[in-house]
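# please work out how this folds:
(one chain, ligands or ions: 1)
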Amino acid sequence: MLAAIEDVDRDARIEAVVLACAGRTFVAGADIREFGQPPREPHLPDVIDAIENCSKAIVAAIHGTALGGGCEIALACHARIAEPGASLGLPEVKLGLVPGAGGTQRLPRLVGLDAALELVSTGRNVKAEEALRLGLIDRIATKDLRQEAMGFARELIGKPIRRTGKQSVVGMEASAAAAKLAEVNRKARGAQAPGKAAELVLLAANLPLKDGMARERETFLALRSSDQSAALRHAFFAEREVTRVPGLEGVAPRSVQKIGVVGAGTMGSGIAIAFADAGFDVRIVETSEQALAAGQARIADVYDKQVASGRLTADVRDERLARIGYGVGIDTLSDRDLVIEAVFEDLAVKQSLFRALDAVLRPGTILATNTSYLDISLIGDATSRPSDVVGLHFFSPAHVMKLLEIVRTEKTAADVVATGLDIAKRLRKIPVVCRVCDGFVGNRILSRYRLQAEYLLEEGALPHEVDAALETFGFPMGPFAVSDLAGLDIAWARRKRLAPTRDPRERYVDIADRLCEAGRLGRKTGAGWYRYEGGKREVDPVVTALVEESSQRRGLTRRPISPEEIQARIRAAMVNEACKILDERIVERPLDIDVVMMHGYGYPAWRGGPLFEADRVGLEAILGQVKERAAQDGPGWEPAAGLVSRAASGVRFYP
Ligand code: NAD
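Numbering: from 1, shown residues only. This next block holds a predicted model:
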């Protein structure tokens, strides 16, 4: 490209230029695998400078996705025209970086500070229409992108060239700028790149392009070798690697188009929506007309809200709603290719449902359960075809959350697991294949994390202090706030179920039980770990008293607990349980666990997941904490064999 620009400059016959790309897309950004390697010349900023400084007008003709370095190339051209379906963006912050070839300096020169701050700090892509409105592009092609780009270029011949870097930017009041920065950093929850990117954008109002770019380069290089960027790159690749499950190479999935959903409660409705959104033919059934109507209303409500907020047109809503059929009883599911149940979390209920489904469904139909904790082998054994039974564990809300745990029993057929992966892909979800254990990967780790959080209460912390420490850590919400949101009753039912088999030596905290007994089931009852005034969470003296009373009853002297201690203990609890999951071969790879925690439980992606981070924290240090916990907290907290051996041998999770 550099050579071509030099030719253009020299060749007197050339008066204007169109820069277009062959193939599926305009330049779509850097190859992330190259990041670890030394860059080779010519460097992109130099190529881009040559474009901007060219003596002939250059028009970018954009199709596909002009992202990152590709977007920066387009920004430096003298005019931009895009196909209607094209999109542009600077997604670098998603990898812990800032744009490295002038993006932070040129974008505000085209769209102004406000829009540039938002786009660069979130890494969001914009479609052609919005790009036109913002001034990021000048035209949208109506028919033939290249022809129209050439016409555009001809119009520019003989006119003064508009160089992006020479445009001035309307500044922002210092106080407004500071407020914007604070807002960006708050939303970033500990990720550093968004704030750095915003700071660079603000410079564009005060510094000439060259100086702004020097600052941008400095920041880019510093971030490129940062732990956060390494973690985000790990997250990026892990998200792709999870779908390549060892042992399933070449196994063909079964053909699935017709879906049955049993139960139209919270999860069933969300699951039906997820499938309808992806174009499947869905039929959802309930036990009564009344429950069915409630489910139907819930589904309609989700779609109506999407229309009201402008995310969906009324036509698309109607199309999707038309894909969902409703019925009472399972008899009408006989033509389905896959049936997933989301009925009450009760083994006997699920077993009798599966027995009934077994009698109705044709051979080859996959029977899936959305259970959170139950033993799927026992559900499968209730049928005559346990090899067709699999767990498809969606997260709430099922049409939003990206994670899907695919749980295989010893008897699940390989092509059933492969079908789960295929379905996840069609639903645009991120699948993690695992084996059966109580809570599978995510809820099993979450249970440990919650227990440890409750121990902290008894020892001296209050719910809002634990939540604050973990929100500072980077979780969107602390465990007590999450529990209020989800409802305390689900975990309460599980505790009651497990009570008869619980090891009496196990350290048990009954504060949550007392809250439930008092009717405090979380937000839906107006109070739980917090009280809610107009939807805002507030510390409740009643809970504080309950916590303090519990400490007293256990004979524990309350002491101040630092955020660092809270974070370290929660981390140790998660890493140790994750190691046990690996020891038991519930999953084969550390990356499966990292992906579950990042996509299902809000573990900050800039930390790369608990195991990626554990390598950096040091396994010996974590083992030290785990041993301390085992001594304090007793059964259930013993160090995992895999953690002990890794710490001793120095082998990391990601060698
Ligand atoms: P819910 O109480 O909201 O819905 C259950 C629905 O199933 C009810 O509408 C009920 O009428 C219906 N139902 C019960 N028995 C039935 C039968 N035999 N045939 C047809 N319908 C029947 O419960 P939920 O929160 O949606 O949970 C459902 C399942 O999903 C549970 O196994 C739960 O553990 C699991 N899960 C829940 C969440 C969550 O966050 N709520 C997340 C993941 C998984």
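# buried set for the helix or strand bottoming out on mean pLDDT in the chain?
Sorting the helices and strands of the chain by mean pLDDT, DSSP states H and E puts helix 489-498 at the bottom, at a mean of 86. Buried residues in helix 489-498, defined by neighbour count with 16 or more other C-beta atoms under 10 Å: 491-492, 494. The C-beta positions use only the backbone N, C-alpha and C, and glycine is treated the same way.
# if you average pLDDT over stretch 281-295, what comes out?
Here stretch 281-295 scores 98 as its mean pLDDT.
# same question for stretch 409-421.
Rounded mean pLDDT across stretch 409-421 is 98.
# re the thing from before, distance from the chain centre to the least confident helix or strand of the chain, please.
Remark: helix 489-498 is offset 28 Å from the chain centroid, using C-alpha atoms, centre = their mean, to the nearest Å.
# other SSEs contacting that helix?
Contacts defined by 3 or more C-beta pairs under 8 Å, 6 or more residues apart in numbering; DSSP states H and E place helix 489-498 against helix 511-517.
# CA atoms only for the helix it packs on - export them in PDB, please.
Taking Å, rounded to 0.1, in the frame of the first residue of the first chain, the C-alpha atoms of helix 511-517 are listed here in PDB:
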ATOM      1  CA  ILE A 511     -28.100 -16.100  58.300                       C
ATOM      2  CA  ALA A 512     -29.700 -16.700  54.800                       C
ATOM      3  CA  ASP A 513     -32.100 -19.200  56.300                       C
ATOM      4  CA  ARG A 514     -33.200 -16.700  58.800                       C
ATOM      5  CA  LEU A 515     -33.700 -14.000  56.100                       C
ATOM      6  CA  CYS A 516     -35.900 -16.500  54.200                       C
ATOM      7  CA  GLU A 517     -37.900 -17.500  57.300                       C
END
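# which strands and helices sit next to it?
Short answer (3+ C-beta pairs under 8 Å, 6+ apart): helix 511-517 packs on helix 442-459, helix 489-498, helix 541-553.
# 10 Å instead?
Judged by 3 or more C-beta pairs under 10 Å, 6 or more residues apart in numbering; DSSP states H and E, helix 511-517 is in contact with helix 442-459, helix 479-486, helix 489-498, helix 541-553.
# run a quick neighbour tally on G158.
Counted with other C-beta atoms under 10 Å, residues neighbouring G158 total 9.
# that older thread, and of the helices and strands packed on helix 511-517, who's closest to P42?
Across these, P42 has its closest neighbour in helix 442-459 (46.3 Å, C-beta to C-beta).
# how about L19: what's its closest non-neighbour residue?
Distances taken as C-beta to C-beta, 6 or more residues apart in numbering put A60 closest to L19, at 5.2 Å, once the chain neighbours are dropped.
# sheet partners, orientation included, of the strand or helix carrying that neighbour?
According to DSSP states H and E, A60 maps onto strand 57-62. Applying DSSP bridges, strand 57-62 is found paired with strand 16-20 (parallel), strand 79-82 (parallel).
# please identify the deepest-packed of those strands.
Most buried of the strands paired with strand 57-62 by mean neighbour count (mean count of other C-beta atoms under 10 Å) is strand 79-82; its value is a mean of 27.
# may I have that strand as PDB, with CA atoms only?
This file holds the C-alpha atoms of strand 79-82, laid out as PDB (Å, rounded to 0.1, in the frame of the first residue of the first chain):
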ATOM      1  CA  ALA A  79     -13.400  10.900   2.100                       C
ATOM      2  CA  ARG A  80     -15.400   7.800   2.900                       C
ATOM      3  CA  ILE A  81     -18.200   5.900   1.300                       C
ATOM      4  CA  ALA A  82     -19.600   2.700   2.600                       C
END
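# quick one: the least confident helix or strand of the chain to helix 442-459, angle?
90 degrees (axes from the mean of the first three to the mean of the last three C-alpha atoms, to 10 degrees).
# around the ligand, which positions in the chain sit nearby?
Contact residues, the chain versus the ligand (C-beta under 6 Å from any ligand atom): 262-268, 285-287, 291, 342-345, 349, 353, 370-372, 394-396, 486.
# out of the residues you listed, name the ones that lie in helices.
266-268, 291, 349, 353, 486 (DSSP state H).
# ranking those by neighbours, who comes first?
That'd be G268 among those, by other C-beta under 10 Å, with 26 neighbours.
# what residues are up against the nearest residue to that residue once chain neighbours are set aside?
Of all residues not flanking G268 in the chain, A342 sits nearest, at 3.9 Å (C-beta to C-beta, 6+ apart). By C-beta atoms under 10 Å, 6 or more residues apart in numbering, the contact set of A342 is 261-272, 284, 368-371, 392, 394, 398.
# circling back: so which residues make contact with the least confident helix or strand of the chain?
With C-beta under 10 Å, 6+ apart as the criterion, helix 489-498 contacts 344-347, 372-374, 438-439, 443, 446-447, 450, 483, 502, 508, 510, 512-513, 515-517, 521-522, 524-525, 528.
# how does it look with 6 Å?
For helix 489-498, contacts defined as C-beta atoms under 6 Å, 6 or more residues apart in numbering pick out 516, 521.
# send the alpha carbons of that helix over as PDB?
Coordinates of each C-alpha in helix 489-498 appear next as PDB, following Å, rounded to 0.1, in the frame of the first residue of the first chain:
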ATOM      1  CA  ASP A 489     -35.500 -19.000  47.800                       C
ATOM      2  CA  ILE A 490     -33.700 -21.100  45.100                       C
ATOM      3  CA  ALA A 491     -30.600 -21.600  47.300                       C
ATOM      4  CA  TRP A 492     -32.800 -22.000  50.400                       C
ATOM      5  CA  ALA A 493     -34.600 -25.000  48.700                       C
ATOM      6  CA  ARG A 494     -31.200 -26.500  47.800                       C
ATOM      7  CA  ARG A 495     -29.900 -26.100  51.400                       C
ATOM      8  CA  LYS A 496     -33.000 -27.900  52.700                       C
ATOM      9  CA  ARG A 497     -32.500 -30.600  50.100                       C
ATOM     10  CA  LEU A 498     -28.900 -31.100  51.100                       C
END
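# surely A614 meets M574?
No - at 8.9 Å, A614 does not count as touching M574 under the criterion of C-beta atoms under 6 Å.
# which one of these two has more residues nearby?
Neighbour count, other C-beta under 10 Å: between A614 and M574, A614 has more, with 29 against 25.
# for P363, helix, strand, or coil?
The three-state assignment at P363 reads coil, by DSSP: H, G, I helix; E, B strand; the rest coil.
# now it: closest residue in space that isn't a chain neighbour?
Using C-beta to C-beta, 6+ apart and skipping residues adjacent in sequence, the residue nearest P363 is R385, 7.6 Å away.
# check the one you found and give its pLDDT.
98.
# surely V316 is within a helix?
Yes - assessed by three-state DSSP, V316 belongs to a helix.
# neighbours around it, how many?
Going by other C-beta under 10 Å, the residues that sit close to V316 add up to 14.
# also H43?
13.
# roughly how far apart are it and L221?
Remark: distance between H43 and L221 (C-beta to C-beta, to the nearest Å) = 11 Å.
# could you do Y530 as well?
44 Å.
# what about these two, which has more around it?
More crowded of Y530 and L221, by other C-beta under 10 Å: Y530, with 22 against 13.
# and the closest residue to that one other than its chain neighbours, how many neighbours does it have?
Leaving aside its sequence neighbours, Y530 sits nearest to R537 (C-beta to C-beta, 6+ apart; 4.1 Å). Neighbourhood size, R537 [other C-beta under 10 Å]: 21.
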